[in-house]
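Participant: Model the structure of this input:
(chains A and B)
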Amino acid sequence: MIELLKAHTVSFLKDTYQKEIFATTITINKTPEDFVGDFTIVVFPLAKIAGARPDTIAEQLGNYLLKHATGISQFNVVKGFLNISIHNNYWIHFLQQHSNNPLFGFTASQHRRVMIEYGGPNTNKPLHLGHLRNILIGYSVSEILKAAGYDVIKVNIYNDRGVHICKSMLAYQLFGKQETPQSSGMKGDHLIGHYYVVYENELRRQLAEYTSQGLTEDEAKQKAPLALAVKEMLLKWEQGDEVVRSLWRKMNGWVYEGFDETFARIGCDFDKHYYESDTYLLGKTLVEEGLAQGVFFKKADGSVWIDLTADGLDEKLVLRADGTSVYITQDIGTADVRYRDFPCERMIYTVANEQDYHFKVLKLICQKLNKPYAGGIHHLSYGMVDLPSGRMKSREGTVVDADDLISEMEQTAAEQSAALGKLDQFNEEEKKVLFYNLGMGALKFYILRVDPKKRMVFNPEESIDFHGFTGPFIQYTHARICSLLRKAGNAVEYSSMTSDYPLHDLEKALIRYLHEFPHVIHEAAAQFSPSLLANYLFALAKEYNQFYQELSVLNAQAEEEKQFRLQLSGFTASVLNRGLKLLGIIAPDRM
RNA sequence: GGUCCGGUAGCUCAGUUGGAUAGAGCAUCAGCCUUCUAAGCUGAGGGUCAUUGGUUCGAAUCCAAUCCGGAUCACCA
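Facilitator: Predicted coordinates for the structure are as follows:
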């Protein structure tokens, strides 16, 4: 409809003023509540181009549209704004045309492949709130992109090697006493996380001992037995020492089991997992190529660098003097392997914004190496999650564990539901499923409703709220509609609909919201922003609840009215249900 | 110090390429369940859009400066 109005506006300017403009320069908004109309054309820019007074040209354009564009019932001009009213027919037809389409708003595959990386945990501790935001954003953006017609490959990268991994290995070796997830009753990732903490504590104790003897912090780090032992272990790992490697395999195996369990609970999935231990040596050959091409240069000590000062950045090391690779080198190599595995037009990295600089460098280097995928590299940069008390600090034990958090959400859902006492018809298994869906609905929505780019505050008390701007509010609206449809049975007869149905304001307002759904999905995909969708779904649910409150569906005056409202309700439920699905949230039929 | 990101109601957040009187939720206060699920609906109060200047018909939005907060600038990952 908006496209139609734009097209007519373009031809109006051509016919009346002999001016050629692009449709994109025309601004058309939804008409605000306080004015009469459905869409509003902002005519100031047009007046400037045409060299006429805004109200004059608005009047002219209004008449022109009335004459040439179908579906317009009337218009009015307020200052430089042309408010256009659309015939009720248009909305009614729209509803009839799309309400039974289970794919309304979704675009069929355009055979354009994009890859998206998310997750990216280290294998030395369990997942926490920060990972959760990463995973929820990555998963949701993937689903939104699919809905917008892309073929999406979801990949995960395990940072499974390096000093940090050796730390928990060493602590386990020294203090572990052959403990296993089975013997300790701990999830694998939590068990390994425990030994990571043991290492940190023990190291701090040793450092304190040395500094109390008068050594500086740095000197103490040079001497502390634990720090030395870790370095030695890392060296052995790199040399392929079988004892170290088998310990590493065993412990990482436990971690993966733990992660798999958590991923399943979160409800995310991956098409492929990459392991840093497989890829950390890659990139070296690319550096060799780059050296030959003159993209990189070698310093006197043999280290290899790239000069990015012309691009406003610094000189960046890509290979150490001893020939070993650094983080950025691995990433170059990994990108190359991924592109070979899955040729795609975009590679999206869901990584926190503390690595903005790193990804600028990565993209620049790939561009300078003339890699075909370089232009498609996109850093989906999201903000940190803070607590009301400030930043999460592992040292102060304020890190919110993902598994604990999910359990607490389920628990809260159970309590809230029990307080309302609506679950008489549920058996135990059904209750369990419901509490899970509601708890996760609350948690996921709470995190996804915020623009990914922005830093956010996670307030535990607020996150378990089930009222207002929350997941359960939308789930509730959906369940309400399902209840209506159940009671109506199969009596829904859409065919009886006539186009002169007297559309109520609340019905029209609701249809207008539904009308926006495809646009919202495209916008959310274009901006990689689930929050746009989350905000939309909330507004839609709110609008429905208003409608539901004011107008009776099952007890409507006329049969036609009842059928119409059932159809409208069913359509709303479908959009809510599928919209939530894109956020990774399941909408129960009853609650 | 250089670079990047942010500052909107008491709190958490929207505000779609610059558009009409800046919006939600929570919290506070006042109403609505003998009729479709009250996890709901209606209403009230609450704002110097960090500050100052600029651009123009029009600025929370764009530009500049300043203040405040955060990130980053590792031969860590």
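
Participant: Look up the closest residue to A:Phe458, ignoring the ones flanking it.
Facilitator: Excluding the flanking residues, the one nearest A:Phe458 by C-beta to C-beta, 6 or more residues apart in numbering is A:Val385, at 5.2 Å. Where you see a C-beta, it was placed from the backbone N, CA and C, and this is true even at glycine.

Participant: I figured the one you found was touching A:Lys454, is that so?
Facilitator: No - using C-beta atoms under 8 Å, A:Val385 makes no contact with A:Lys454, being 10.7 Å away.

Participant: who's more crowded, the two?
Facilitator: The residue with more neighbours, out of A:Val385 and A:Lys454, is A:Val385; 22 against 11, by other C-beta atoms under 10 Å.

Participant: so what's the residue nearest to A:Phe458 up against?
Facilitator: A:Val385 makes contact with A:Leu129, A:Gly130, A:Leu132, A:Arg133, A:Met392, A:Ile447, A:Arg455, A:Met456, A:Val457, A:Phe458, according to C-beta atoms under 8 Å, 6 or more residues apart in numbering.

Participant: repeat for A:Lys146
Facilitator: A:Val152.

Participant: With A:Val42 instead?
Facilitator: Residues in contact with A:Val42, defined by C-beta under 8 Å, 6+ apart, are A:Ile26, A:Thr27, A:Ile28, A:Asn29, A:Gly80, A:Phe81, A:Leu82.

Participant: Show the pLDDT at the closest residue to the fourth one other than its chain neighbours.
Facilitator: The shortest distance from A:Asn29 to any residue that is not its chain neighbour, by C-beta to C-beta, 6+ apart, is 5.1 Å, and that residue is A:Thr40. In this prediction, A:Thr40 carries a pLDDT score of 94.

Participant: before we move on, what about A:Ser499?
Facilitator: Reading off the model, A:Ser499 has pLDDT 67.

Participant: same deal with A:Asp34?
Facilitator: Confidence at A:Asp34, expressed as pLDDT, is 81.

Participant: With respect to A:Ser109, which of the contacts of A:Val42 is nearest?
Facilitator: A:Ser109 has its nearest neighbour among the contacts of A:Val42 in A:Ile28, at 29.7 Å by C-beta to C-beta.

Participant: State the distance from that closest one to RNA strand B.
Facilitator: Using C-beta to the nearest atom of the strand, to the nearest Å, A:Ile28 is found at 9 Å from RNA strand B.

Participant: Okay, and the beta partners of that residue?
Facilitator: Beta-bridge partners for A:Ile28, by DSSP bridges, are A:Ile41.

Participant: Could you double-check that it sits in contact with A:Phe39?
Facilitator: Yes - in this structure, A:Ile28 is within contact of A:Phe39 by C-beta under 8 Å, at 5.5 Å.

Participant: Mind listing the shared neighbours of the two?
Facilitator: Taking C-beta under 8 Å, 6+ apart as the contact rule, A:Ile28 and A:Phe39 both touch A:Ile2, A:Leu5.

Participant: residue nearest the centroid of chain A?
Facilitator: For chain A, the residue nearest the mean C-alpha position is A:Ile137 (2.3 Å; C-alpha atoms, centre = their mean).

Participant: how about chain A, which residue sits the furthest from its center?
Facilitator: The C-alpha centroid of chain A is most remote from A:Gln213, which lies 51.0 Å away (C-alpha atoms, centre = their mean).

Participant: any idea of the pLDDT on that residue?
Facilitator: Predicted confidence (pLDDT) for A:Gln213: 89.

Participant: what's the answer for A:Val492, then?
Facilitator: 59.

Participant: can I see the domain layout of chain A?
Facilitator: Domain ranges of chain A: A:2-86, A:118-272+A:329-396, A:402-582, per automatic domain parsing.

Participant: A:Phe94 is nearest to which of the ones you listed?
Facilitator: Of all the domains of chain A, domain A:402-582 sits nearest to A:Phe94, with 6.1 Å by C-beta to C-beta.

Participant: Next, the distance between the ends of that closest one.
Facilitator: Using C-alpha to C-alpha, to the nearest Å, the end-to-end distance of domain A:402-582 comes out at 21 Å.

Participant: Need the three-state assignment for A:Gly62.
Facilitator: Remark: A:Gly62 carries the secondary structure label helix [criterion: DSSP: H, G, I helix; E, B strand; the rest coil].

Participant: Distance check, it against A:Thr216.
Facilitator: Distance of A:Gly62 to A:Thr216, computed by C-beta to C-beta, to the nearest Å: 79 Å.

Participant: Looking at these two, which is more packed in?
Facilitator: Taking other C-beta under 10 Å, A:Gly62 and A:Thr216 do not tie; A:Gly62 has more neighbours (21 against 10).

Participant: what residues are up against the more buried one?
Facilitator: With contacts defined as C-beta under 8 Å, 6+ apart, the neighbours of A:Gly62 are A:Phe75, A:Asn76, A:Val77, A:Leu82, A:Ile84.

Participant: who are the neighbours in contact with the fourth one?
Facilitator: I take that to be A:Leu82. With contact taken as C-beta under 8 Å, 6+ apart, A:Leu82 is in contact with A:Thr40, A:Ile41, A:Val42, A:Val43, A:Ala58, A:Leu61, A:Gly62, A:Phe75, A:Asn76.

Participant: check which helix or strand covers the fifth one.
Facilitator: Following DSSP states H and E, the helix or strand that holds A:Ala58 is helix A:54-68.

Participant: which parts of that helix are buried?
Facilitator: Neighbour counts over helix A:54-68 (16 or more other C-beta atoms under 10 Å) mark A:Pro54, A:Asp55, A:Ile57, A:Ala58, A:Glu59, A:Gln60, A:Leu61, A:Gly62, A:Tyr64, A:Leu65 as buried.

Participant: Spatially nearest residue to the fifth one, not counting backbone neighbours?
Facilitator: In space, A:Glu59 comes closest to A:Val77 once its chain neighbours are excluded; the distance is 5.7 Å by C-beta to C-beta, 6+ apart.

Participant: Spit out the contact partners of the residue nearest to the centre of chain A.
Facilitator: Contacts of A:Ile137 by C-beta under 8 Å, 6+ apart are A:Tyr118, A:Thr350, A:Leu380, A:Tyr382, A:Ile447, A:Leu448, A:Pro452, A:Pro530.

Participant: between those residues, which is closest to RNA strand B?
Facilitator: For the contacts of A:Ile137, the minimum distance to RNA strand B (C-beta to the nearest atom of the strand) is 8.1 Å, reached by A:Pro452.

Participant: Count the residues that sit near the closest one.
Facilitator: 25.

Participant: Doesn't it lie inside a helix?
Facilitator: No - applying three-state DSSP, one finds A:Pro452 to be coil, outside a helix.

Participant: hang on, it packs against A:Ser531?
Facilitator: Yes - contact criterion C-beta under 8 Å: A:Pro452 and A:Ser531 qualify, at 6.7 Å.

Participant: Count the residues that sit near the nearest residue to A:Ile86 once chain neighbours are set aside.
Facilitator: Residue nearest to A:Ile86 in three dimensions, not counting chain neighbours: A:Asp38, with 4.5 Å by C-beta to C-beta, 6+ apart. Using other C-beta under 10 Å, A:Asp38 has 19 neighbouring residues.

Participant: For A:Asp38, what are phi and psi?
Facilitator: phi -110, psi -40 (degrees, to the nearest 10).

Participant: OK, contacts around it?
Facilitator: A:Lys30, A:Thr31, A:Ile84, A:Ser85, A:Ile86, A:Arg512.

Participant: Now the first one: closest residue in space that isn't a chain neighbour?
Facilitator: Okay, so that is A:Lys30. Nearest to A:Lys30 is A:Phe39, by C-beta to C-beta, 6+ apart, at 6.6 Å.

Participant: With A:Arg53 as the reference, measure out to that neighbour.
Facilitator: In this view, A:Phe39 and A:Arg53 are 22 Å apart by C-beta to C-beta.

Participant: Among the two, which residue is more densely surrounded?
Facilitator: Between A:Phe39 and A:Arg53, counted using other C-beta under 10 Å, A:Phe39 has the larger neighbour count: 19 against 12.
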